[in-house]
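In: just coords:
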């Protein structure tokens, strides 16, 4: 079977010396080399565009970016797009709330990853491995609940790194809020904590 007559095309000729793809272009546009659809189609350079919603022709700057269209712009102008989104959110309140919550959760997780890296010099993956090594519970009391949406606190040796931050090498474990406060108020002093234990046992 003969090869397509278009240069650099390895397809087999079906009709008029063209493969199916180039024959379709020849029938539709009169030129088998014309590409007007798909990712290889050249982007349209427009100064103005007609809105699909209001029908008005407006400057191309009035249409937001959209890579799915040939001209790289949305089909609706900014006012119509805002109106469309508002109507959708109003008619789908539950779905809109889910989208907002998912976005908030992603932002919170990203902030947490950045914070522990900047403050404690460990990655989120290292934090997860440390928590798994503790069995997913507080390293002191063994509690698994740290409050709704709360994560365990990262405890480190303050004799190595005074203050909030850590070099990453002096991290001792992950604590719940109460145990972390207890260790902090005791100034990392084991004798003070032992004295508190003796006091509580004596009173009992």
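Out: Good, I have the coordinates. Just so it is clear, the model here is predicted, and its values are computed rather than measured. Residues are numbered from 1 along each chain as shown.

In: And residue 153, how far from residue 77?
Out: Separation of residue 153 from residue 77 (C-beta to C-beta, to the nearest Å) stands at 50 Å. All C-beta spots, glycine's among them, are computed from the backbone N, C-alpha and C.

In: cool, and residue 137?
Out: 55 Å.

In: Mind checking which of the two has more residues around it?
Out: More neighbours surround residue 77 than the other of residue 137 and residue 77, with 25 against 16 (other C-beta atoms under 10 Å).

In: Contact partners for the more buried one?
Out: 51, 53, 54, 56, 58, 62, 63 (C-beta atoms under 8 Å, 6 or more residues apart in numbering).

In: Identify all contacting residues around stretch 78-89.
Out: 51, 52, 53, 54, 62, 63, 64, 74, 76, 96.

In: I meant to write stretch 121-140 there.
Out: Looking at what lies outside stretch 121-140 - C-beta under 8 Å, 6+ apart - the contacts are 112-113, 116-117, 143-144, 146, 152, 154-155, 165-168, 171-176, 179, 182-183.

In: mind listing what the spatially closest residue to residue 47 that is not a sequence neighbour touches?
Out: Among residues not flanking residue 47 along the chain, residue 60 sits closest, at 6.0 Å (C-beta to C-beta, 6 or more residues apart in numbering). Residues near residue 60 by C-beta under 8 Å, 6+ apart: 46, 47, 48, 49, 71, 73.

In: among those, which two are most distant?
Out: Using C-beta to C-beta, the two most remote members of the contacts of residue 60 are 47 and 73, lying 11.7 Å apart.

In: any idea which helix or strand of this protein has the worst average confidence?
Out: helix 20-29 (a mean of 79; mean pLDDT, DSSP states H and E).

In: Now it: buried residues?
Out: 22, 23, 25, 26 (16 or more other C-beta atoms under 10 Å).

In: so can I have a markdown table of the residues you listed showing distance to residue 191?
Out: Listed next are the buried residues of helix 20-29 as a markdown table, based on distance: C-beta to C-beta, whole Å:
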| residue | distance to residue 191 |
| --- | --- |
| 22 | 87 |
| 23 | 90 |
| 25 | 86 |
| 26 | 91 |
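
In: if we can go back for a sec, can you check the contacts of residue 77 and name whichever has the most neighbours?
Out: residue 63 leads the contacts of residue 77 on contacts (other C-beta under 10 Å) with 25 neighbours.

In: Now the closest residue to that one other than its chain neighbours: phi and psi?
Out: In space, and not counting its chain neighbours, residue 63 is closest to residue 73: 3.9 Å by C-beta to C-beta, 6+ apart. Dihedral pair for residue 73: phi -130, psi 160, per degrees, to the nearest 10.

In: Please tell me the pLDDT value assigned to residue 73.
Out: Residue 73 is assigned 86 on the pLDDT scale.
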